[in-house]
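Engineer: Show me how the following folds:
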Amino acid sequence: MQFEKAPEPRRQEPEGCLVVALRVPIRIFVLVLVVPVRMAWDVLVVGGRFLTDTVLRPLGRALLWLGRAVFVWPWVALWRYVVVPVAKALAWAGHMLVVVPLGWLYRYVLTPVGHALAWIGRGIGAGLEWLYARVLTPIGHGIAWLLNGVAWLLKGVGIVLGAIGLGVYTAVAWLVRYLLVVPAQWLYEWVLAPVGRALVWLGNAVVTGIGAVLYWTTRVLLVLPALALWRWVLVPVGRVLAVVAREIGEALGHAWRIAGRVSLAVGRFLGTLFRWMFVEPVKWVYRTVLTPVGHVVRDVVLRPAAEAARAVGRATRQALASARETMRQARADVRRALFGEPRRPEPVARREPTGRETRTLDSSTTALMKD
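Structural biologist: Model prediction:
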């Protein structure tokens, strides 16, 4: 069962004679140009890979190790073995010289002084509260009552002045309305508005006529020639150039693939030639000449030399062990001669039975049950 819809085959569009006539020459010309470029590119790729694997990557690893050894590891060692211990020592010294004295000062000096100041502040606050409640509040109430009376008086005066001002404003507004506003409104409605409408209509007619003249002039002199140039010259030329560019692109891709196959065949031929001329003779020499000689050298020279070296090493280790034992015995004899025999610890009486006797109810084997 297929879960994915198969892709629809690409529909082949009909091609003209121009496309068929241009395709084969373009592909032949592009193939002749692309094959040397592709072979040079493949040679550069192979050389780059060989250079990367044999030179650049080991050199990069060596430079990385050298950079770590020169720049990273000294700073790490400096941080781990110098900065961190010095910082810990400074932190301990700061704690003992600054934090502990400041804590003692805060606990035994500043805290009692603060409590005393707080008690004094509470006393002062209580006195100020009594002064506010018993003295300042009655005085404030009296001043507020006096200000309220003055405010009522000013309010009455303001009402009288407001009535007078309203009458004056009404009279002035009536005079301005009938002496200025009504004549100006009549002049606008019956004189200025008709004149303005007539001027706007005249301006629209003039602008419309000039615009029509400019439109048809621009259309006849610029638009129609440009449209004809686009439709009958640029579009056909663009289509021809698009066909040529598409064929060149397809020819480049086709030539690049063919050049890749040619380059692969040439590379395989050169690799086979190199293998039969150099690798196979070297392998034959290694397999038929160097390997038997190496086996002979290993069996005749290297193994006996290794056995002799191991025997010499064993004898040397045994001689060193016996010498160390002799020196240990000599030091022990000197200590006994100078200081005497070491004191041996006195045996302690054990409460548990030392034999293989079985515990019974009749035997006392502990401190609580012992007679």
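
Engineer: Would you map the helices across this protein?
Structural biologist: 17-51, 57-67, 73-78, 84-94, 100-105, 111-131, 137-176, 182-187, 193-218, 224-229, 235-274, 280-285, 291-297, 303-339 (DSSP state H).

Engineer: Any chance of the ones you listed in TSV with mean neighbour count as columns?
Structural biologist: Using the backbone N, CA and C atoms, a C-beta is placed for each residue, glycine as well. Conversion of these to TSV gives the following (neighbours: other C-beta atoms under 10 Å):
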stretch	mean neighbour count
helix 17-51	14
helix 57-67	11
helix 73-78	11
helix 84-94	10
helix 100-105	11
helix 111-131	10
helix 137-176	10
helix 182-187	10
helix 193-218	10
helix 224-229	11
helix 235-274	13
helix 280-285	11
helix 291-297	10
helix 303-339	10
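
Engineer: Now mean pLDDT too, for these, in a markdown table please.
Structural biologist: Output for these, formatted as a markdown table (pLDDT from 0 to 100):
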| stretch | mean pLDDT |
| --- | --- |
| helix 17-51 | 76 |
| helix 57-67 | 91 |
| helix 73-78 | 89 |
| helix 84-94 | 89 |
| helix 100-105 | 88 |
| helix 111-131 | 87 |
| helix 137-176 | 81 |
| helix 182-187 | 82 |
| helix 193-218 | 87 |
| helix 224-229 | 90 |
| helix 235-274 | 83 |
| helix 280-285 | 88 |
| helix 291-297 | 88 |
| helix 303-339 | 85 |
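
Engineer: which residue ends up closest to the midpoint of this structure in space?
Structural biologist: A centroid search over the chain (C-alpha atoms, centre = their mean) returns Val72, at 22.3 Å, as the residue closest to the centre.

Engineer: Got the confidence number for Leu234?
Structural biologist: We note a pLDDT of 91 for Leu234 in this prediction.

Engineer: Tell me how many other residues crowd it.
Structural biologist: By other C-beta atoms under 10 Å, 11 other residues sit near Leu234.

Engineer: do you know how far it is from Arg219?
Structural biologist: Separation of Leu234 from Arg219 (C-beta to C-beta, to the nearest Å): 19 Å.

Engineer: same deal with Val34?
Structural biologist: Val34 is 50 Å from Arg219, by C-beta to C-beta.

Engineer: now do Gly167
Structural biologist: Distance, Gly167 to Arg219, by C-beta to C-beta: 72 Å.

Engineer: and if you look at Ala332?
Structural biologist: Taking C-beta to C-beta, one finds Ala332 at 127 Å from Arg219.

Engineer: What of Arg57?
Structural biologist: 71 Å.

Engineer: OK, contacts around Arg122?
Structural biologist: If a contact means C-beta atoms under 8 Å, 6 or more residues apart in numbering, then Arg122 has no contacts.

Engineer: and if you look at Arg310?
Structural biologist: With C-beta under 8 Å, 6+ apart, Arg310 has no contacts at all.

Engineer: Can you name the residues that contact Leu227?
Structural biologist: So Leu227 contacts nothing (C-beta under 8 Å, 6+ apart).

Engineer: mind running it again at 10 Å?
Structural biologist: Each residue near Leu227 by C-beta atoms under 10 Å, 6 or more residues apart in numbering is listed here: Arg219.

Engineer: wait, Glu247 sits on Phe29?
Structural biologist: No: if you go by C-beta atoms under 10 Å, Glu247 and Phe29 don't touch, sitting 11.0 Å apart.
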